[in-house]
Every structure is written in C-alpha cells, then in structure tokens.
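> here is a sequence with its predicted model. Questions after.
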Amino acid sequence: MSDPGSSGPGSRRRAIAFGVFAMIAAGISASLANGYGSSVAEGYGPLRTVVVAQTSLESGEVIGPDLLESALRTRRVPARFAPPGTLSQPGQALGLEPGSDIAAGSYLLSSQLAPPKRARPRSSVLGRGRRPVEIAVTGAGALLAAGAPLSGARVDIVVTTEPRASGPGHTYVAASRVPLLGLTPGEGPGPTATSAATLAVTRRQALELIEAENFARQVRLLPLVAP
C-alpha cells in the first residue's frame with residue numbers, strides 16, 4: 001500500500017496538467033493585452049514624443065543645461081492630443097526663455113519660448129530716478145576728438161550765466177557725475193560750436209539745465225578722469 005504523502009504517477013500528471021494550464025492562461029493574457037493595445041492605437045492614432053515641464057518654469061528664466069535636465073521630460077502621447085508646436089526634444093528649448101509662466105505638467109510649445117532679452121544697458125546707465133534729456137552744449141569738441149566711448153561716461157555740467165550790469169557772469173557746476181548717453185556734433189567755429197548732448201539726469205536737474213540752456217551764456221561738459 002503506497003504512502004498517501006508520497007508522489008506517485010497521479011501527482012505527476014496533475015503537476016503537468018497545472019503547468020500546461022498556466023502556460024495557456026499566460027498566452028491568453030498576452031493575446032488580450034496585445035489586442036487591447038492595438039485597439040487603443042487604432043482608436044487614438046499614432047503616438048508621438050512630446051516635451052513636458054516636470055516643474056514649473058518662470059517667465060524670463062533662461063533654460064540652461066541644468067534646467068534642461070531637471071525640469072523637462074519627454075512623454076509618448078497620441079499625436080492627436082499634442083497641441084501644434086509642441087517640442088519633441090528638450091534640447092530644442094536650450095538657451096530660450098518662457099514669455100510667461102509655464103505650470104508643471106504642461107506641454108512645452110515653441111510659441112511659449114523666445115531668445116532671452118539682452119541686457120538693457122540704457123536702463124542701467126540711466127539709474128533709478130533718472131531720465132534722458134537733450135540739451136545744447138558748447139565746447140564739446142574735445143570730447144568728440146578724444147575718440148573714447150561716450151555712452152555711459154560721467155561728466156560735470158558747468159553753466160556760465162550772462163554777465164550782469166555790475167560784473168561778469170557766474171560759473172558753477174549745475175550737476176556733477178552725470179551719465180552721458182550721447183553727443184552729436186553741432187555747428188559753429190572752434191570752442192563756440194554747439195553740440196547736442198543727451199544726459200541721464202534727475203527731474204530737478206533736468207529743469208535746471210533746460211532753464212540754463214535758455215538763459216545762460218554757456219553750458220559746457222567737463223569730462224571726469226574716472227567714472
């Protein structure tokens with residue numbers, strides 16, 4: 001009489017049958033999965049690679065190599081769901097900046113990106129509270145003849161008033177260390193030639209210089225050795 005716990009021909013047959021059944025079940029599952037995937041592809045169309053923002057991108061934030069690696073990812077989505085102009089590779093955004101904030105999870109569109117705006121040198125030269133004002137100055141030929149870059153150079157503005165009946169005119173510094181934005185040669189002989197100077201001045205200085213331009217005898221620019 002055989003031991004019930006021992007393995008016999010019947011046990012081996014059951015194990016073989018179970019293995020065959022498992023293989024058949026796996027084949028059926030794979031077939032169903034493939035059929036489902038095919039039906040999805042047929043229903044939504046071909047897939048395409050798109051770039052999405054994994055983290056939010058701020059307006060004006062230049063997309064450099066580090067941000068490219070940390071903030072941008074690719075996804076495969078049905079082409080019909082991808083908006084027109086969606087980037088297909090993160091490298092297409094390198095060196096560009098968003099024109100507005102882009103939320104995390106959003107598609108990255110070419111229309112959202114632009115080359116970075118260059119530094120605004122005029123704003124930095126003007127400084128806070130200053131504005132460009134053009135006045136007529138005399139004796140600026142020395143500045144023009146020096147050939148040095150004029151934009152951003154610092155000058156003192158020296159005003160000489162008209163002589164009074166009882167004495168000569170008064171010479172004084174109306175504004176000091178003023179950024180010179182531009183100087184256009186004018187007409188006239190030698191030291192009396194009049195040029196148009198564009199200066200970055202405060203509102204108070206602008207009013208004083210405009211008044212001096214109208215009533216003073218001379219308005220001159222005195223260049224500084226160091227800015």
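Received the coordinates, thanks.
> skipping its backbone neighbours, what lies nearest Arg203 in space?
Using Cβ to Cβ, 6 or more residues apart in numbering and skipping the chain neighbours, the partner closest in space to Arg203 is Arg131 (7.0 Å). Where you see a C-beta, it was placed from the backbone N, CA and C, and this is true even at glycine.
> ok, now which ones touch that neighbour?
Ala200, Val201, Thr202, Arg203, Ala206 (Cβ atoms under 8 Å, 6 or more residues apart in numbering).
> find the pair from those with maximum spatial separation.
Greatest spatial distance in these: Ala200 and Arg203, 11.8 Å, computed using Cβ to Cβ.
> between the two, which one's more packed in?
Neighbour count, other Cβ atoms under 10 Å: between Ala200 and Arg203, Ala200 has more, with 21 against 11.
> can you list the strands that the host helix or strand of the more buried one pairs with?
Element membership of Ala200, judged by DSSP states H and E, is strand 194-201. Strands that pair with strand 194-201, judged by DSSP bridges, come out as strand 131-138 (antiparallel), strand 171-184 (antiparallel).
> out of these, which comes closest to Thr194?
Nearest of those (Cβ to Cβ): strand 131-138, 5.1 Å.
> quick one: the helices in this protein?
Using DSSP state H, the helices of the chain run over 9-44, 65-71, 121-126, 141-146, 203-215.
> circling back to that earlier point, quick one: the strand holding Ala200 to helix 203-215, angle?
Using axes from the mean of the first three to the mean of the last three Cα atoms, to 10 degrees, the inter-axis angle of strand 194-201 relative to helix 203-215 is 160 degrees.
> can you pull out the low-pLDDT segments for this protein?
1-43, 118-128, 141-152, 165-167, 185-193, 225-227 (pLDDT under 70).
> care to break it down by domain?
Using automatic domain parsing, the domain parsing of the chain gives 47-114, 121-223.
> give the full set of residues in contact with Ala136.
Neighbouring residues of Ala136 by Cβ under 8 Å, 6+ apart: Gly186, Thr194, Ser195, Ala196, Ala197, Glu213, Val219.
> mind putting the residues you listed into CSV with neighbour count?
What follows is the contacts of Ala136, written out as CSV (neighbours: other Cβ atoms under 10 Å):
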residue, neighbour count
Gly186, 17
Thr194, 16
Ser195, 20
Ala196, 14
Ala197, 26
Glu213, 15
Val219, 21
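> just name the closest of those to His170, please.
Checking the contacts of Ala136 against His170 with Cβ to Cβ, the nearest one is Val219 at 13.3 Å.
> go ahead and confirm that closest one touches Thr161.
No - counting by Cβ atoms under 8 Å, Val219 stays clear of Thr161, with 10.4 Å between them.
> tally of neighbours for Val178?
Neighbourhood size, Val178 [other Cβ under 10 Å]: 23.
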